[in-house]
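A.B. asks: Fold the following.
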Amino acid sequence: MGVDEIRQYLSHLATEGNVAASTQNVALAALLFLYREVLLIDLPLVEGVERAKRPRHIPVVLTSEEVKRVLAHMSGTHRLMASLLYGAGLRLMECVRLRVKDLDFDYRQIIVRDGKGEKDRRTLLPQPLAESLRHQLARIKLQHEEDVRLGCGGVYLPFALERKYPKAASEWVWQYVFPAAKLSVDPRTGARRRHHASEDRLQKAVKRAVRDAGVEKRASCHTLRHSFATHLLEDGYDIRTIQELLGHADISTTMIYTHVLNRGGRGVRSPLEK
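C.D. replies: Have a look, this model is predicted:
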């Protein structure tokens, strides 16, 4: 298969193969790997390929009342975590990976480390959650002190920081705000320590709360983040400010929430409303 055949095959996937854009990209990467790494054939640049288009979907958004109903059907740590998804616009993994040092109560902000695109950003720390977060930290600090006493008080550190600062893994500021209920063995190092809380359990808790609240929408953890952005727009906040809080690299990604506010038919009033 030469360059022309590869081009025809990828174009066929885009126009007639009925596949996602990501599938076409994987196919291209696999073919290039086969030729360059296995067959040791250096292909010229494959140009002129008709790419499959990524569909743009308007996100599911809950009303403020629906969010309250969902949170009312949650309790404990899961309710606090879901409240942060909505109140601070956090992604699921950004929430479960929060560390003690990332909470700034004095400036009422949360530092999101190594978010999507490996970027750091600041978002707000909702004042109504401040007291609950302080109680959470007090509780897990006692747990951490017990783990240290048992010799299991270390935590995973990113970017090889554990080698650079051997004692940092056991320091309080590096601990997860939402640690796992049980100690486990880290498969990377074999060390017995406490991982962050399970993202799967939070997802299940949110879905269960949506069902119990009688919300008839396909809502998930990410829906709470969508609702955060949409409700800020409804309150008149600047789109650039919301972009920074969400950590979007491109303003066009944030603009999708303006379509949610159009309320069907681009905001046009139906003749039945006259």
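
A.B. asks: can you map out the helices along the stretch 51-200 of the chain?
C.D. replies: Remark: helices assigned in the stretch 51-200 of the chain by DSSP state H, counting those that start in this stretch are 64-72, 76-88, 92-96, 130-149, 161-164, 199-212.

A.B. asks: hey, least reliable of these by pLDDT?
C.D. replies: With a mean of 79, helix 161-164 has the lowest mean pLDDT of the helices of the stretch 51-200 of the chain.

A.B. asks: my read: residue 89 touches residue 228, true?
C.D. replies: Yes. With contact defined as CB atoms under 8 Å, residue 89 counts as touching residue 228 (4.0 Å). All C-beta spots, glycine's among them, are computed from the backbone N, C-alpha and C.

A.B. asks: pLDDT score for the most centrally placed residue in the chain?
C.D. replies: Nearest to the geometric centre of the chain sits residue 91, at 2.7 Å (CA atoms, centre = their mean). Confidence at residue 91, expressed as pLDDT, is 96.

A.B. asks: Quick one: residues contacting it.
C.D. replies: The contact partners of residue 91, by CB atoms under 8 Å, 6 or more residues apart in numbering, come to 85, 115-116, 222, 225.

A.B. asks: need those residues in a markdown table with distance to residue 256, can you?
C.D. replies: Output for those, formatted as a markdown table (distance: CB to CB, whole Å):
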| residue | distance to residue 256 |
| --- | --- |
| 85 | 18 |
| 115 | 18 |
| 116 | 15 |
| 222 | 13 |
| 225 | 12 |
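
A.B. asks: With neighbour count and distance to residue 158 added, can I get the residues you listed in TSV?
C.D. replies: TSV is the format used below for the contacts of residue 91 (neighbours: other CB atoms under 10 Å; distance: CB to CB, whole Å):
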residue	neighbour count	distance to residue 158
85	24	22
115	18	12
116	14	15
222	15	23
225	22	22
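
A.B. asks: what's the closest of those residues to residue 209?
C.D. replies: The closest of those to residue 209 turns out to be residue 85 (CB to CB; 12.0 Å).

A.B. asks: gap between the closest residue to the closest one other than its chain neighbours and residue 95?
C.D. replies: Nearest non-adjacent residue to residue 85, counting by CB to CB, 6 or more residues apart in numbering: residue 224, 4.0 Å away. Using CB to CB, to the nearest Å, residue 224 is found at 10 Å from residue 95.

A.B. asks: joint contacts of these two?
C.D. replies: Common neighbours of residue 224 and residue 95 (CB under 8 Å, 6+ apart) are residue 85.

A.B. asks: related to what we said a few turns ago, going by distance to residue 123, which of the contacts of residue 91 wins?
C.D. replies: residue 115 (9.6 Å).

A.B. asks: Kindly tell me how buried the nearest residue to the closest one once chain neighbours are set aside is, as a neighbour count.
C.D. replies: Once flanking residues are discounted, residue 115 sits nearest to residue 247: 5.1 Å by CB to CB, 6+ apart. Counted with other CB atoms under 10 Å, the neighbours of residue 247 add up to 21.

A.B. asks: please begin residue numbering at 41 from this point
C.D. replies: Sure, I'll start numbering at 41, so the last one becomes residue 287.

A.B. asks: any idea how far residue 287 is from residue 154?
C.D. replies: 11 Å.

A.B. asks: How about residue 110?
C.D. replies: For residue 110, the distance to residue 154 - CB to CB - is 28 Å.

A.B. asks: out of those two, which sits in the busier spot?
C.D. replies: residue 110 (27 against 13).
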